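In: Sequence unavailable; structure follows:
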């Protein structure tokens, strides 16, 4: 069973940057789509960004497009989320996610099946 471990959360002022990382283990291949979700207090978990297994297609929520960048390293089976121009409304617990189906293309924004434990991101004004 795949295990996902996030790192890189923390506190930053509005306009600042953070870089989140997620390492996957327990699977024989890195050929899986991966993504990032977030959940703010009192709100439902929402999609933030996703990337196809080969790294050739990226997907973003409208609220983060142009500020966040997702990338994937298949040699290490890791995914990162570079977050720039952070806003207080970006404050949330951020979760790494992946899918059961390898080599899936064109859907790295939905139907994720495995999740990490999350890392807190706090942006102050």
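Out: Everything's here; your move. Note that the structure is a prediction, hence the values are computed from the model and not measured.

In: How about residues contacting stretch 78-91?
Out: 12, 14-24, 34-36, 38, 40, 48-49, 51, 63-64, 67-73, 94, 96, 121-125 (CB atoms under 8 Å, 6 or more residues apart in numbering). (C-beta placed from N, C-alpha, C; glycine too.)

In: switch the cut-off to 7 Å
Out: If you take CB atoms under 7 Å, 6 or more residues apart in numbering as the criterion, stretch 78-91 is touched by 12, 14-23, 34, 36, 40, 49, 51, 67-72, 96, 121-125.

In: Can you give me the neighbour number for residue 91?
Out: Counted by other CB atoms under 10 Å, the residues lying close to residue 91 total 17.

In: Tell me the confidence at it?
Out: We have a pLDDT of 98 for residue 91.

In: Would you mind measuring from it to residue 119?
Out: Here residue 91 is placed at a distance of 12 Å from residue 119 (CB to CB, to the nearest Å).

In: Strands - which of the contacts of stretch 78-91 land there?
Out: Judged by DSSP state E, strands contain the following of these: 12, 18-23, 34, 36, 49, 51, 68-72, 96, 121-124.

In: Can you turn the buried part of the contacts of stretch 78-91 into a PyMOL selection?
Out: Only the buried entries of those go into this PyMOL selection, using 16 or more other CB atoms under 10 Å:
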select buried, resi 12+18+20+21+22+23+34+36+49+51+68+69+70+72+96+121+123
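
In: Pairing-wise in the sheet, spell out the partners of the residue nearest the centre of the chain.
Out: Most central in the chain under CA atoms, centre = their mean is residue 36, positioned 2.2 Å from the mean C-alpha point. Taking DSSP bridges as the rule, residue 36 bridges to residue 49, residue 96.
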